[in-house]
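J.: got a structure for you, letters missing:
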């Protein structure tokens, strides 16, 4: 075949991908060529803690996360941010490379959103360059990830006022405007509002986020799994804290997720003294007057896990277990006839239009 015909054939089959990729890492991840990374390079880099938060939120969203949990804390000049999500996760062989320059899973999905160009393969690299520490605490393919970022605020600045919340209001033209200090709270709230139809974002201290994750997992994991699970790595990242049976174990599990808390705080969570957080999209109220501030509230675990709908239908743990067991028994008979694996994890949630039950289909071997 003449060389021109071969080139045309390759272009037809692969488009221009082979011209943009230096190394194929597998599982959808690639290392971009320098020329392609430069073409994608945005004019701005990470200049503050707030920039890091936005980059991490966008990455979690693009990894198909439905829930993002962000714990923020500060001790002296050390800012620590732990972000957990229930998205795609990262293949094990790429965990140590995810912060390298030009590594991306978005070869053909670079786009512009509210915060600028995204998907250029340089965001996590820019985060690592500006942070004291940046690493993946844990991850599971199709089961989410936990990232930890630590910065020195004397080197990477942030707004002095990190306690105030933004105010959302509607101006005379009917457009939603946001006012307030451009701190971490505002960055996260703006993201939560813009992407409220795609993802729920929870923001709080490490203790508050740990309490939210504990109740989230407690309602979504079957009681048998919580009692007899022998390998925590098999459980989705955001549900793992529900496996803890005592404060010491809880604190150790939290540490493995990048959440630092004392055994005393762990005991308070297990005793129900720390309430789960509401998603920010529900805490934000858009006012007709800029003087009205959004009211934050906390809510119970049933709401977090989707087991309570707008009409206040709430299922207790016992009722969830009873319904799940009944569905499992009914499915077992059908599974046998269709050569399916009957031992799958059945999940359910309450929505406005009814109780939704999900049964994974796994062909028996």
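T.: In hand now; what should we look at? These numbers were taken from a predicted model, which means no experiment stands behind them.

J.: Residue 265 belongs to a helix?
T.: Yes: the secondary structure assignment for residue 265 places it in a helix, going by DSSP: H, G, I helix; E, B strand; the rest coil.

J.: got a list of what it touches?
T.: With contact set as C-beta atoms under 8 Å, 6 or more residues apart in numbering, residue 265 has these partners: 207, 210, 251, 274. All C-beta spots, glycine's among them, are computed from the backbone N, C-alpha and C.

J.: Now rank these by neighbours and give me the top one.
T.: When neighbours are counted as other C-beta atoms under 10 Å, the busiest of the contacts of residue 265 turns out to be residue 210, with 28 neighbours.

J.: Quick check: that one vs residue 82, distance?
T.: Residue 210 sits 10 Å away from residue 82 when distances are taken as C-beta to C-beta, to the nearest Å.

J.: Likewise for residue 56?
T.: 10 Å.

J.: who touches both of the two?
T.: 70, 147, 149.

J.: Which ones among these lie within strands?
T.: Members of the shared contacts of residue 56 and residue 82 lying in strands (criterion: DSSP state E): 70, 147, 149.

J.: The last one touches residue 137, doesn't it?
T.: Read it as residue 149. No: counting by C-beta atoms under 8 Å, residue 149 sits too far from residue 137 to count as a contact (10.5 Å).

J.: Regarding residue 196, what is its secondary structure?
T.: Secondary structure assignment for residue 196 (three-state DSSP): coil.

J.: and the nearest residue to it once chain neighbours are set aside, what pLDDT?
T.: For residue 196, the nearest residue in space outside its immediate sequence neighbours is residue 281; the separation is 4.0 Å by C-beta to C-beta, 6 or more residues apart in numbering. If you check residue 281, the pLDDT there is 89.

J.: Quick check: neighbours shared by residue 210 and residue 82?
T.: Here residue 210 and residue 82 have 71, 259 as joint contacts, going by C-beta under 8 Å, 6+ apart.

J.: re earlier: residue 149 and residue 137: who's more crowded?
T.: More neighbours sit around residue 149 than around the other of residue 149 and residue 137, counting by other C-beta under 10 Å; the figures are 25 against 18.

J.: give me every residue that touches the spatially most central residue of the chain.
T.: Central residue check for the chain by C-alpha atoms, centre = their mean: the C-alpha nearest the mean position is that of residue 85, 2.0 Å away. Residues near residue 85 by C-beta under 8 Å, 6+ apart: 60, 63, 65, 67, 68, 69, 144, 145, 237, 238.

J.: OK, contacts around the fifth one?
T.: Looking back up the chat, that one is residue 68. Applying C-beta under 8 Å, 6+ apart, we find residue 68 in contact with 57, 60, 61, 83, 84, 85, 199, 200, 201, 202.
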